[in-house]
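Visitor: Any chance you could fold what I've pasted below:
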Amino acid sequence: MIIDAHAHLWDPQAGRVNGKPVVPLTGGKSDFGGELRQMMPPYMLDGRNTVEMLMANMDYARVSGCVITQEYIDGNQDAYLLACREKYPERMKICCLYEEKPIEDEWLSKFDGVKICGGRLENQDLLAHEEIFRQAERLGKFISIDMADGDAQTDAMERLIEKYPDLRIAVGHFGMVTVEGWEKQIALAKHKNVYIESGGITWLFNSEFYPYPSAVRAIRTAIDICGIDKLMWGSDYPRTMTAITYDMSKDFIEKTTKLSEEEKRKFLGENAEKFYGFSKLDIPEKIINMVE
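Guide: Numbers count the residues shown, from 1 in each chain. The predicted model follows:
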């Protein structure tokens, strides 16, 4: 059972970066605040990052479920994600986007969780955003947060965790693992309801590339800090697919000899199944491909 704890969808992309618009072009490219960037694989011709494309990739890689997070650079995708989950209610958990303003209870109740782009907040002090943590706990939603680099926000996060002990929190990008101080983000998972997901880990170790031995060593370090039961796999689809295939984003975990089979099972799916509350997931059928 494999679950992707960090993926993105948008239709259309309509975000901002450093106050400038992010606009989809053709061939998987985007105008990224005035710079040309390969935002998606080139076969995504029309700038649409659709749920149907993701499900096809998941089926091929035999990934059962996914968690759709959000990012300011893609724009608010709340309405599209609600439509996506309506199509695939058993396979998806979705986050609404926190944009430094109140979210009505009625709206937040439609989602499974809320995404906070901690490193992109205009006010980087997480304590200034306490209300969204209080609201998420009260409504039984989880928080998905990509924190600012290193330990810049860990003290504030620790205080919020202690104040809202029943709130489920998933820290993304594996604590920004290639930045000094990342271990302090991982250590937050010593609290019972805080987990770490690895969305973006192949991006952070892109200069090393597949099979990412340093990423595997970082996972072993994280196991020493907080235990394997608190760690979850994420792909950061589709941006990381500009360098590798969707299947490769987990394949290096499946093939490494540095993790036990039990550790792989927990990391790739069992921990996410527990944290996000998935049920009734099926394992996609193995299809023999043309090179096998």
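Visitor: only C-alpha atoms for contact and neighbour calcs from this point on.
Guide: OK.
Visitor: hmm, who's touching stretch 139-157?
Guide: Stretch 139-157 is contacted from outside by 69, 95, 105, 109, 111-120, 124-127, 133, 136, 167-173, 175-176, 179-185, 188, 276, using C-alpha atoms under 8 Å, 6 or more residues apart in numbering.
Visitor: And for stretch 210-222?
Guide: Residues contacting stretch 210-222 (C-alpha under 8 Å, 6+ apart): 177, 183, 186, 201-202, 205-206, 208, 228, 248, 252-253, 256, 258-259.
Visitor: Could you list which of these belong to helices?
Guide: If you go by DSSP state H, those have 183, 186, 201, 202, 248, 252, 253 in helices.
Visitor: need those residues in JSON lines with pLDDT, can you?
Guide: Converted to JSON lines, those look like this (pLDDT from 0 to 100):
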{"residue": "183", "pLDDT": "98"}
{"residue": "186", "pLDDT": "98"}
{"residue": "201", "pLDDT": "98"}
{"residue": "202", "pLDDT": "98"}
{"residue": "248", "pLDDT": "97"}
{"residue": "252", "pLDDT": "98"}
{"residue": "253", "pLDDT": "98"}
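Visitor: Make a ChimeraX selection of whichever of these turn out to be buried.
Guide: Here is the ChimeraX command that selects only those of these that count as buried (16 or more other C-alpha atoms under 10 Å):
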select :183,186,201,202,248,252,253
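Visitor: what's the farthest-apart pair in the contacts of stretch 210-222?
Guide: Farthest-apart pair in the contacts of stretch 210-222 is 183 and 248; separation 25.3 Å (C-alpha to C-alpha).
Visitor: Pull the contacting residues for the nearest residue to residue 46 once chain neighbours are set aside.
Guide: Using C-alpha to C-alpha, 6 or more residues apart in numbering and skipping the chain neighbours, the partner closest in space to residue 46 is residue 26 (5.3 Å). Contact partners of residue 26, counting by C-alpha under 8 Å, 6+ apart, are 44, 45, 46, 47.
Visitor: Quick one: neighbours of the first one, just the number.
Guide: By the other C-alpha atoms under 10 Å criterion, the neighbourhood of residue 44 contains 17 residues.
Visitor: check contacts around the residue lying closest to it once chain neighbours are set aside.
Guide: Closest residue to residue 44 in three dimensions, ignoring its sequence neighbours and counting by C-alpha to C-alpha, 6+ apart: residue 28, at 5.1 Å. Residue 28 sits next to 38, 39, 40, 41, 42, 43, 44, 45, 46, 47 when contact means C-alpha under 8 Å, 6+ apart.
Visitor: Can you pull the phi/psi pair for residue 28?
Guide: Here is the backbone geometry of residue 28 (degrees, to the nearest 10): phi 80, psi 10.
Visitor: mind checking how far it is from residue 239?
Guide: Taking C-alpha to C-alpha, to the nearest Å as the measure, residue 28 falls 10 Å from residue 239.
Visitor: Also residue 260?
Guide: In terms of C-alpha to C-alpha, residue 260 sits 29 Å off from residue 239.
Visitor: okay, these two: which has more neighbours?
Guide: Set residue 260 next to residue 239 and count neighbours by other C-alpha under 10 Å: residue 239 wins out with 18 against 10.
Visitor: and the helix or strand hosting residue 214, C-alpha only, in CSV?
Guide: Using DSSP states H and E, residue 214 falls within helix 213-226. Extracted C-alpha coordinates of helix 213-226, given in CSV (Å, rounded to 0.1, in the frame of the first residue of the first chain):
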residue,chain,number,x,y,z
PRO,A,213,22.1,8.1,-1.7
SER,A,214,22.3,11.3,0.4
ALA,A,215,18.5,11.4,0.6
VAL,A,216,18.4,7.9,1.9
ARG,A,217,21.1,8.8,4.5
ALA,A,218,18.9,11.7,5.5
ILE,A,219,16.0,9.4,6.0
ARG,A,220,18.1,7.2,8.3
THR,A,221,19.1,10.4,10.3
ALA,A,222,15.5,11.3,10.6
ILE,A,223,14.7,7.8,11.9
ASP,A,224,17.3,8.3,14.6
ILE,A,225,15.7,11.6,15.6
CYS,A,226,12.0,10.8,15.6
